[in-house]
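# please find the sequence and the predicted model below.
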Amino acid sequence: PKTIYLKDYKAPDYWIDETQLTFELFEDHALVHSRLALCLNTERHAETALPPLVLDGQQLELQKVVLDEQELVEGAYQVDSDSLTLQPSRAQFELALTTRIEPQNNTALEGLYKSGSMFCTQCEAEGFRKITYYLDRPDVMSRFTTTVIAERERYPVLLSNGNPIASGEHEGGRHWVSWEDPFPKPAYLFALVAGDLCLLQDSFTTMSGRTIDLRIYVEPENRTQCDHAMDSLKRSMRWDEEVYGREYDLDIFMIVAVNDFNMGAMENKGLNIFNSSCVLAHQDTATDMAFQRVEAVVAHEYFHNWSGNRVTCRDWFQLSLKEGFTVFRDSEFSADMNSRTVKRIEDVTFLRANQFAEDAGPMAHPVRPDSFIEISNFYTLTVYEKGAEVVRMLHTLLGEEGFRKGTDLYFERHDGQAVTCDDFIKALEDANGADFIQFKRWYSQAGTPRLNVRSEYDAASREYRLHFSQVCPPTPGQPEKQPQVIPVRMALLDRDGNEIPLQLEGKALGNEAVVSITEAEQTLVFENVPNCPLPSLLRGFSAPVKLSYPYSRDDRVFLAKHDPDGFNRWEAAQGLAVDVLQGLVEIHRAGRPLNLDQRLVEVMRSVIADAELDAAMVAEIIRLPSEAYLIELAEVADVDAIHYTREWLRRALAEALRDEMSARYQILAAAGSGAFSAKADAMAARSLKNSLLSYLMLTGEQQVVGWCVRQFVEATNMTDRQAALVALVNSPFEQQREAALAEFAERWAEYPLVMDQWFSIQAAASQPGALDRVRKLMEHPLFTMRNPNKVRALIGAFANQNLINFHALDGSGYAFLADRIIELDRSNPQIASRLVTPLSRWRKFEPKRQELMKTELARIMAQSPLSPDVYEVVSKSLA
Ligand code: DPP
Ligand code: ZN
């Protein structure tokens, strides 16, 4: 496999102005006829020296090549496993091709494939080349017209990008529809769907008064689960008008739900294709978390219409241009729709447990990578989530208004273009007269910077000094880093928790300020500080760094109770829990008895009793840091000790706070037993109630098991039902657990997404014997390795969430995962490659586990053939 470098980027030799496609769909193959109007890129070549045309194409059977109405004989063009080459004789010419493909046998789910009885496509990043020969690169933007021809009976609905322009009947029960997309687009945004689908329809009036036809297509049995997605879509459209001034541009916007999909969803122009898990939501079948995910993904894909489609990426190294920006946009949307602080806590928790681990592992790469083997491997947490944090910092530095001026200029300047991250930054700079030269290191340097802070108070001069030092650890290919711009949102608190007005070098900054740390070592001197304050640093997680300040546990307790900033109150409680757990791990490793720090108990007690505090905040504060996060924080992670002490602490807290927890649980259970509501406060109440239930179950009291079973049986929604099931499955009450699992499976057998939950809950349960259970579940009639959601639900949940069993010291978890990767690589390399992640993190563990994990990686590496996807991740992991 070949490495591709950003520094080798060259504009294409030819452009494709027009792309006309005709698809003839049959039961065992499809014919793809393309007619391309090409022209020389005169900025690169003179008309007197025409370069050969090299089109990308893979796994295609080429049937016909017609150049300017002349059919070419074999020998007049060259075909190899990934290209078609021919020599044009004019600077402008027309090329017509026919290729034959077999969507029915396409198990990689890239290009044109079948999901159930439906035809659908996934072209990002390089799937279009599996449909026909093309310049399959995002800087080649073309106007597409698409005709789909298929049997009417089986495929009454035929969709593609843009607006429908004509349709008709053919002989033999076949029919056709033509679609025209007026906006030039790269091939990765092409889409086609053919199926027997039902339609949920609505409309939206844009800010300029145009009426848009909104359509969600799903398989008939899912008809009743689309309302939430439709509602989310309308709110997204309004929000993008209000917050970014962006109006929708076609007359029709379609979403199609498919069951077999590698990613969450895809923003194809005018025709978004979604994993059904990111569209369908009904309270009977979907949890509150699923509702929020649907809302976020619908928004994300819709927002791509501007940040991604109207302005797209020049090359795939710029992926974060659209993904980082769009994740930032969707997270702000969700923050506006729900609780801003809770949304931020969720995002930061996710980032620190997962993206920080990526940054510290063998696949660490900058937000704008400078090389790759397989681009599919770079749809990463770094490109998406860290990319969004980088955009968030720009937003913080420029402020709401300045940022908006910048994005207005960006959209205006680059509409219809394929651009780079530098172009994005340039627009923000130009609109604000700002200078982001140093800031751009966030795009080119990998790794999570550490920001160490110390303080000094001088009572005589009333000066308070904060000493900052930043250092970013080496990452593959980047041994040394330059200091980055780190915006620190902060305040200083007095002994009552009030903010002290900030005066920095003679300037009054108000009670809260954003200070930029730009040097490796930097000191800020605050003046007129009456008493030694306690700093509240990095509020709202204003930069994706690992902050360390020598807070005592008492300091953290104080901040958890008094910081006026909600996010940092949570952060202080979380920091206290981390500190307590890290201490317990040390005590446990030394073979000494564990003891419970009463300060943590008091913090939890006070929030559980606090009826004023948003229930979702309470739920976040009492949630202990995850095992994954504790592993990430550890130098060498002792999985057993982390699991043991965390479970011990959960039980100890449950016992210490039994009365408070059960009182609050009862109140919430009684209040939530009425009609279902999907409003934020109702969701928050369920979240807290279920978090309390899971603690209470650890007391082992029969009475609590009774509550849990009752909640399972009487729940009016999937959130409550599923939470009760999780609590039972993780309990020692075998009879109740098995009964609940059996009843659940029987009731929801017809609902694949609900059954995904059923698989995943069991795969993640930490009791011994988990691997045997997972093996047995693989034989369940509803399980299949062909469906990515099922693989994620069972194999993914076991390897990523059931850490104590996955890391079993006999190596059985590692061997099991390696077997699945090898098996999947033959059918779906993208999904196989994703599963390598847990093994790739071997350096985090002690020598014995390291050896076992490396042995499995080496076994995968020795397979032949091996996809470039898996090859890249495994070889980099072993390097
Ligand atoms: N479907 C993926 C996303 O929306 C890739 N564009 O992020
Ligand atoms: Zn995206």
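Received, thanks. Because the structure is a prediction, the values reported are computed rather than measured. Ligands and ions are numbered 1, 2, ... in the order given.
# next, the residue of the stretch 51-200 of the chain found nearest ligand 1: secondary structure please.
Across the stretch 51-200 of the chain, the shortest distance to ligand 1 (C-beta to the nearest ligand atom) belongs to Glu124, at 5.1 Å. (Each C-beta comes from the backbone N, C-alpha and C, glycine too.) Secondary structure, DSSP: H, G, I helix; E, B strand; the rest coil: Glu124 is coil.
# wait, it touches Phe190, no?
No. Using C-beta atoms under 8 Å, Glu124 is not in contact with Phe190; the gap is 9.5 Å.
# look at the residue in the chain that ligand 1 sits nearest to and say how many residues are nearby.
Among the residues of the chain, Met266 lies nearest to ligand 1; the distance is 4.1 Å by C-beta to the nearest ligand atom. Met266 is flanked by 25 other residues according to other C-beta atoms under 10 Å.
# need phi/psi at the closest residue to it other than its chain neighbours.
Leaving aside its sequence neighbours, Met266 sits nearest to Ile273 (C-beta to C-beta, 6 or more residues apart in numbering; 4.9 Å). The phi and psi values for Ile273, taken as degrees, to the nearest 10, are phi -110, psi 130.
# contacting residues for Lys185?
Residues in contact with Lys185 (C-beta atoms under 8 Å, 6 or more residues apart in numbering) are Met141, Ser142, Phe144, Asn161, Lys269, Asn309, Thr312.
# out of the residues you listed, name the ones that lie in helices.
Of the contacts of Lys185, none are assigned to helices by DSSP state H.
# up against ligand 1, what does the chain have?
Within the chain, the positions adjacent to ligand 1 are Glu124, Met263, Ala265, Met266, Glu267, His300, Glu301, Glu323 by C-beta under 6 Å from any ligand atom.
# so Ala339 makes contact with Ala680?
Check again: residue 339 is Ser, not Ala. Yes. With contact defined as C-beta under 8 Å, Ser339 counts as touching Ala680 (6.1 Å).
# overlap in contacts of these two?
Joint contacts of Ser339 and Ala680 (C-beta under 8 Å, 6+ apart) are Ala616.
# those two - which one has more neighbours?
A direct count of neighbours by other C-beta under 10 Å for Ser339 and Ala680 places Ser339 higher, at 21 against 17.
# mind giving me the domain split of the chain?
4-196, 311-547, 749-879 (automatic domain parsing).
# for Leu466, helix, strand, or coil?
strand.
# repeat that for Gln58.
Gln58 - assigned by three-state DSSP - is coil.
# quick check: phi and psi on it?
Residue torsions, per degrees, to the nearest 10, at Gln58 are phi -140, psi 140.
# can you check Gln201 too?
The phi/psi pair for Gln201 (degrees, to the nearest 10) is phi -120, psi 150.
# that one touches Leu214, doesn't it?
Yes. Counting by C-beta under 8 Å, Leu214 is a contact partner of Gln201 at 6.8 Å.
# so what's the spatially closest residue to Val218 that is not a sequence neighbour up against?
Ranked by C-beta to C-beta, 6+ apart and with sequence neighbours excluded, the top spatial neighbour of Val218 is Ala257, at 4.5 Å. Ala257 makes contact with Ile216, Tyr217, Val218, Glu219, Asn222, Cys226, Phe274, Asn275, Ser276, Val279, Leu280 under the criterion C-beta under 8 Å, 6+ apart.
# then Tyr9?
Contacts of Tyr9 (C-beta under 8 Å, 6+ apart): Arg314, Asp315, Phe317.
# redo those residues as TSV? Include distance to ligand 2, secondary structure and neighbour count.
Shown next, in TSV, are the contacts of Tyr9 (distance: C-beta to the ion, whole Å; DSSP: H, G, I helix; E, B strand; the rest coil; neighbours: other C-beta atoms under 10 Å):
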residue	distance to ligand 2	secondary structure	neighbour count
Arg314	17	coil	20
Asp315	17	coil	19
Phe317	16	helix	25
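# closest one of those to Leu581?
Nearest to Leu581 out of the contacts of Tyr9 is Phe317 (C-beta to C-beta; 39.0 Å).
# surely that closest one and His365 touch.
No. With contact defined as C-beta under 8 Å, Phe317 does not count as touching His365 (10.1 Å).
# that older thread, quick check: the residue of the stretch 51-200 of the chain closest to ligand 1 vs Ala187, distance?
9 Å (C-beta to C-beta, to the nearest Å).
# fine, thanks again, bye for now.
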